[in-house]
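Undergrad: here is my input, please return the structure:
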Amino acid sequence: MATRYEQLKAASLDEPKHESTRAPNKITSLRLGLSFILILVLASLTVIQVRPSTSGSKIVLGGTETLADGDEDIEICASNIPPPARPPAPINPWASLTIDEMVEIQNWLLSAQMNLNLTRGDTAQPSDNSVYMIQAYYPPKADVLKYFSSLDPRDAPARFARVTIHHGGAEEPVIRDYLVGPLPVTPATEMTHLTEIYHTETLPYNARGYDDLDWNLPEITTKIAAPLMDAYKELLGGLPNDTIVAGGAGPFGFDGSFRRFWLNWQRDTPGFWLHPLNLWQYVDVSGTDPSKWDQLKIVYNHQVFDTAESFMDAFRNGTLKRVPPVTKQEEDLSWSTRERIGALRDLDNLPGPRSVSFAGLRFRIDHDLQYVSWMGWGLYLGFDRDMGLNLWDIRFRGERIIYELKPQEALAQYTGNDPYKSSTALLDSYFGMGQSVRDLLPGYDCPDEAIYLPATTFSATGMMTRKRAICIFEQDSGRPISRHLGFERSEFGAVKGYQLVIRSVATVGNYDYCECYDQLPSSKFRLLLTFLVFEYIFHIDGTIEVRVSASGYLLSGFWDDEQGAYGSKIWNTTLGSLHDHAINFKVDLDVGGTQNSLLKTSLSQEVTTQPWFDDDWGEEVIHQKITREYIDNEDEALLRFPTNFQGGYTIVNTDETNKWGIPRGYAIHPGYSPVYNTIVGSKRLLKNANWARYNLAVSRRKDTEPSSSSMWNFNLPGAPPVDFHNFFDGENITQQDLVTWINVGMHHLPASEDVPNTRTNTAASSFFLTPFNYFDYDVSIESTNAILLQPPKKPGDPFSYNDYNVRPAHCVPQPPAAFEYYPEQVYDLDGKPAPPSTVEEMRKASELYLRIKFEL
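TA: Numbering: from 1, shown residues only. All right, here's what the predicted structure looks like:
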């Protein structure tokens, strides 16, 4: 056998088929008989072992070496290294900033010449000016397309960074975003105020990014926790520095005039999100002066108190209506851990199947440029702090299909009969979906032979690099993408449904550090967000599937008889709270160029009469008909899928037609769970997530409208910096450069099966972008991973077939690597590797201000 698997020349339909080379029936029968005997012999052996040797790998049966194929050794499979890709350009215009670039920018901002009066983020107080974020700012589309067209280095787009500064030291504290560039830093580098992407003149300081000092200064912790210590111990069964943990609800403001949050208490045990307690505290941390921060309200068992004093008076004088606490001593709380329980299932002691590319990987990667190609597809990868992985310049068979495919925002809105759940409406870009990405679990998050790519992000206190932030792998869908059984020449066959998957997992808040909770007996402040699996699945017919799956711990509530309408009881005192998820994607399709239109197709019932029918049926016919119309105004392009999905929407180019004279297009097909947000009018989502009201929307593309949301929208629902509805101002969208904003999501009605964690198979949503008259035929027929059968010439003979000489490779797979999982590499603000992190430091870095120790 050859040491490498080489694809042979594809067989033509006019070439002799395998029928002429197949053994006659008698020989076939003899082979079957011998095969049966061999199976019996193998079944009688107790050990079957494959091991490599210096002369090649041999099969060892019961300890005796025999050759695999009579006189031929079985080779070890090719190593799991993808061949190098050939990007269309020698740069990635959407590449993330390197650590050196971030350090260079920060040092430039801190320099005396800039006169910004900045304090380093690792020592800054709320009343200081400090750099909050540094990340790449994507270049204008026109500049990129000009460069890709010429590939002249002089046309390469200039590189810029977006810098966010918290101006806490200003007379009127404010947040500002800036553009810094061109990069690298030279005397020509400038800093300009970035305002054109926002719909408000200022970013109020009360909407600022997370900062653990907001809730960790003694001026506020002494007002939150210290006065209630006796009540914590007696009512909740523990103390903040011992057995209970806190979590917060957001948004923390409405229009920038205040910054407040509800605090919820839970047992400090593995899976604490599933152990809520019946006490809530409302806290004000507005402004930059912690001495003015205060506790505004306390709610216990549906009783409301305006001060800690009035609550403690009721606690002591017996007027408080109490709920008996459930303590660790009274209950086994291990039900919320991920430890295996239950009887061992039959054969589950054996490892399951794993995917192996016996002939070597069939996709290419340029690691430096983060460019990937596979089966005619090619694309660049980007990564940012707000939402993580994004895809650019997606081409198929040499044509650009999509300029930009990027998640924009992730919404989770809860409900419940308590102050915490009823006020929680989360927008995850605020917390940083990209910043919260951690290394993937090899063999669990991604198959063993997946290839990993890194990602680096900046935070106010340092930088972090994840070596396995993104995984890429090819998979066999297990079903053909097309097939047909037929008996005429060349109509019987199948094409294998291979797919390329690009995946990243983002978790905000609830990392799998449950086993460490009891080792850290201190008060923590946490806010739960489940993790999201982002998948981009490429098919050989030109289809792209975008899928999001969710898992993690539920954000639960305290169960009592008044909670039944807001979820399901999932434990003695635990409510699985009803909530919606909605995730918005920006899809900049370029169908045959940048000039595109929006086609609406509707299916309806029609009653007609036809003269050719006989009287026995009557002349009346009821059937379907198609209505096609172009939507030419943005205001009419805020869309929901039609009832019963009777129709749909397609981005087409009316100036480009296929062979049959039909405008080339790409259709938007709903996949799993095509939902939009249920609630409309809530003040906590009044105007900051208007995109979530629809299944999709189409607008004119503008560089000044790069995103449907912003990280600042979370705390400004009444005055959002990005109001999605402002994108739609009556402009014409006929043969224009268009952007489609598409939502996925789910209505999550929790059940007991969400314990300990929600499952990705049911908590999933997707959409498809698929060619619709874009080609003249189904281009998946081009694949040579296919088979074509011809009917037998004589009755009883087998079908002849043509497999295009692409046949299964036969070799011994490389052993999977031993499982290892290390913490991410952290760098300080000078770009120097930080010492290895303790578990406490890892939790702080991953959960950010979502877990804060009260310094009592």
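
Undergrad: sketch out the low-pLDDT regions of the stretch 101-250 of the chain for me.
TA: The model of the stretch 101-250 of the chain has pLDDT under 70 over residues 212-216.

Undergrad: point out where the stretch 751-856 of the chain drops to low pLDDT.
TA: In the stretch 751-856 of the chain, residues with pLDDT under 70: 840, 843-856.

Undergrad: strands of the stretch 151-300 of the chain, start to end?
TA: Assigned by DSSP state E, counting those that start in this stretch, the stretch 151-300 of the chain shows strands spanning 159-167, 174-183, 190-193, 203-204, 244-249, 260-267, 276-284, 294-300.

Undergrad: from the contact counts, what lies against the second one?
TA: Meaning strand 174-183. Contacts defined by 3 or more CB pairs under 8 Å, 6 or more residues apart in numbering; DSSP states H and E place strand 174-183 against helix 99-110, strand 129-137, strand 159-167, strand 190-193, strand 203-204. (Each C-beta comes from the backbone N, C-alpha and C, glycine too.)

Undergrad: ok now that strand, how far from the chain's centre?
TA: Computed by CA atoms, centre = their mean, to the nearest Å, the separation of strand 174-183 from the middle of its chain amounts to 27 Å.

Undergrad: look up how far residue 541 lies from residue 494.
TA: Remark: distance between residue 494 and residue 541 (CB to CB, to the nearest Å) = 14 Å.

Undergrad: please identify every residue contacting each of those two.
TA: residue 482 (CB atoms under 8 Å, 6 or more residues apart in numbering).

Undergrad: and residue 402, what are its bridge partners?
TA: residue 394, residue 589 (DSSP bridges).

Undergrad: what's around it, how many residues?
TA: Neighbour count of residue 402, defined by other CB atoms under 10 Å: 22.

Undergrad: quick one: it from residue 653, how far?
TA: 14 Å.

Undergrad: out of the strands of the stretch 151-300 of the chain, flag the one nearest residue 396.
TA: When these are ranked by proximity to residue 396, the top entry is strand 159-167, at 27.8 Å, counting by CB to CB.

Undergrad: what packs against whichever strand in the chain runs longest?
TA: Secondary structure of the chain per DSSP state E: the longest strand is strand 462-484. In terms of contacts (3+ CB pairs under 8 Å, 6+ apart), strand 462-484 is packed against helix 99-110, strand 377-384, strand 388-396, strand 451-459, strand 492-506, strand 825-827.

Undergrad: got the angle between it and helix 99-110?
TA: 140 degrees (axes from the mean of the first three to the mean of the last three CA atoms, to 10 degrees).

Undergrad: give the pairing partners of strand 462-484; include direction for each.
TA: If you go by DSSP bridges, strand 462-484 pairs up with strand 451-459 (antiparallel), strand 492-506 (antiparallel), strand 825-827 (antiparallel).

Undergrad: I'd like the distance between residue 246 and residue 621.
TA: Taking CB to CB as the measure, residue 246 falls 67 Å from residue 621.

Undergrad: that should have said residue 77, apologies.
TA: Distance, residue 77 to residue 621, using CB to CB: 60 Å.

Undergrad: do residue 143 as well
TA: To residue 621, residue 143 is 56 Å away according to CB to CB.

Undergrad: more neighbours, those two?
TA: residue 143 (15 against 12).

Undergrad: checking my notes, the more buried one in a helix, right?
TA: Yes: under DSSP: H, G, I helix; E, B strand; the rest coil, residue 143 sits within a helix.

Undergrad: just list whatever residues bridge to the most centrally placed residue in the chain.
TA: With distances taken as CA atoms, centre = their mean, the residue of the chain nearest its centroid is residue 534 (2.5 Å). Judged by DSSP bridges, the bridge partners of residue 534 are residue 504, residue 548.

Undergrad: please look at it and residue 501 and confirm they touch.
TA: No: the pair residue 534 / residue 501 is not scored as a contact, 10.8 Å apart, by CB atoms under 8 Å.

Undergrad: quick one, what contacts residue 193?
TA: Neighbour list for residue 193: 176, 177, 178 [criterion: CB under 8 Å, 6+ apart].

Undergrad: and the closest residue to the second one other than its chain neighbours, how far is that from residue 710?
TA: What sits nearest to residue 177 in space, not counting adjacent residues and going by CB to CB, 6 or more residues apart in numbering, is residue 194, at 4.2 Å. Residue 194 sits at a distance of 11 Å from residue 710 (criterion: CB to CB).

Undergrad: and what of residue 602?
TA: Counting by CB to CB, the gap from residue 602 to residue 710 is 35 Å.

Undergrad: cool, and residue 176?
TA: 13 Å.

Undergrad: show me which of these two is the more surrounded one.
TA: residue 710 (24 against 16).

Undergrad: help me confirm that that one comes into contact with residue 722.
TA: Yes: taking contacts as CB under 8 Å, residue 710 lies within contact range of residue 722: 4.5 Å.

Undergrad: can you list residues touching both of those two?
TA: Taking CB under 8 Å, 6+ apart as the contact rule, residue 710 and residue 722 both touch 197, 198.

Undergrad: residues contacting the nearest residue to residue 267 once chain neighbours are set aside?
TA: Of all residues not flanking residue 267 in the chain, residue 275 sits nearest, at 3.8 Å (CB to CB, 6+ apart). By CB under 8 Å, 6+ apart, the contact set of residue 275 is 266, 267, 269, 333, 336, 556, 574.

Undergrad: likewise residue 675?
TA: Neighbours of residue 675 in contact, by CB under 8 Å, 6+ apart: 580, 582, 743, 744, 745, 746, 747, 765.

Undergrad: many thanks, I have nothing further to ask.
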